[in-house]
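Undergrad: Fold the following, please.
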Amino acid sequence: MGIPQSRYSRITEKNPREICLLRSFPCAWGKCSFCDYIEDNGRDEASMVELNRQVLKQITGEFGVLEIINSGSCFELPKRTLADISGVITDKEIHRLFLESHWMYRKQVAGMRGRMRVPLVFKIGVETFDYEFRQQVLNKNADFKEPQEVAEYFDSPCLMVGVQGQSKAMIAYDIDCLKKHFSLGTVNVYNNNTTGIRRDEELVRWFMKEYQWLLSDPTVEVLYEITDFGVG
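TA: Numbers count the residues shown, from 1 in each chain. Now for the predicted structure:
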């Protein structure tokens with residue numbers, strides 16, 4: 001089985017690390033209105049485990065930092081894959097691991113931190129801290145009201161900007177929450193996909209001009225294209 005080049009990459013600018021895109025069981029929620037990123041999952045555990053092992057073999061440990069992503073939450077990865085990740089941490093002397101999870105798994109985050117035995121940076125797809133837009137428009141099924149609730153469990157929120165229906169004030173509030181309550185974060189500039197959620201080109205232009213300073217902020221990664229991390 002060949003290894004797609006898009007499943008392994010190296011991030012050399014902010015927070016240098018290796019990154020792997022692994023296959024998992026289907027996203028337990030899978031109903032976000034903007035997301036068509038649920039094709040890369042399955043139910044054939046054996047084939048997923050084998051593919052993931054081939055991807056993980058690419059890890060060199062050169063940075064001592066690894067990020068694992070999948071089309072859902074890390075808790076939906078096969079148990080054998082989680083064991084393989086733990087093995088890689090030991091074998092390649094990984095001292096920091098990035099994982100991602102949906103809000104619904106927040107009570108399991110502490111257990112995962114203990115299981116992996118190295119400091120974790122837990123990401124979460126917040127998309128926006130505006131409750132109504134997040135729940136009613138994006139259908140995130142993430143019912144927190146304040147950023148402090150997220151910071152209780154997670155280290156690094158992923159925001160989404162440039163969606164029709166968003167306002168400049170909403171984006172300003174989101175960036176403010178990110179900088180005030182979190183040490184790291186990611187901002188995804190929305191790109192049209194197969195869903196009905198559309199990109200607001202004018203809002204994107206405004207954001208890229210108004211928040212150009214984020215491009216040089218070492219704590220925030222701005223993804224203009226969905227493949228900017230080199231995977232996907």
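
Undergrad: Can you name the next helix or strand after the longest strand seen in the chain?
TA: Longest strand in the chain by number of residues, with DSSP state E as the criterion: strand 120-127. Past strand 120-127, further along toward the C-terminus, the next helix or strand under DSSP states H and E is helix 131-132.

Undergrad: what packs against that following helix?
TA: In terms of contacts (3 or more C-beta pairs under 8 Å, 6 or more residues apart in numbering; DSSP states H and E), helix 131-132 is not packed against any helix or strand. In this view, the C-beta of every residue, glycine as well, is placed from N, C-alpha and C.

Undergrad: Would you mind giving the secondary structure of Gly61?
TA: Secondary structure state of Gly61, per DSSP: H, G, I helix; E, B strand; the rest coil, is coil.

Undergrad: That one - nearest residue in space that isn't next to it in sequence?
TA: Nearest-residue entry for Gly61: Lys92, 3.1 Å, with adjacent residues in sequence omitted and distances by C-beta to C-beta, 6 or more residues apart in numbering.

Undergrad: before we move on, the earlier item: report the mean confidence score over the longest strand of the chain.
TA: With pLDDT averaged residue by residue, strand 120-127 scores 98.

Undergrad: What's opposite Phe122 in the beta bridge?
TA: On DSSP bridges, the residues paired with Phe122 through beta bridges are Leu99.

Undergrad: Please apply the same query to Ser24.
TA: Asn41.

Undergrad: Could you check how many residues crowd around it?
TA: One way to gauge burial is a neighbour count; for Ser24, by other C-beta atoms under 10 Å, it gives 23.

Undergrad: thinking it is in contact with Leu82, fair?
TA: No - contact between Ser24 and Leu82 fails when scored by C-beta atoms under 8 Å: they sit 10.1 Å apart.

Undergrad: helix, strand or coil for Cys27?
TA: Secondary structure state of Cys27, per three-state DSSP, is coil.
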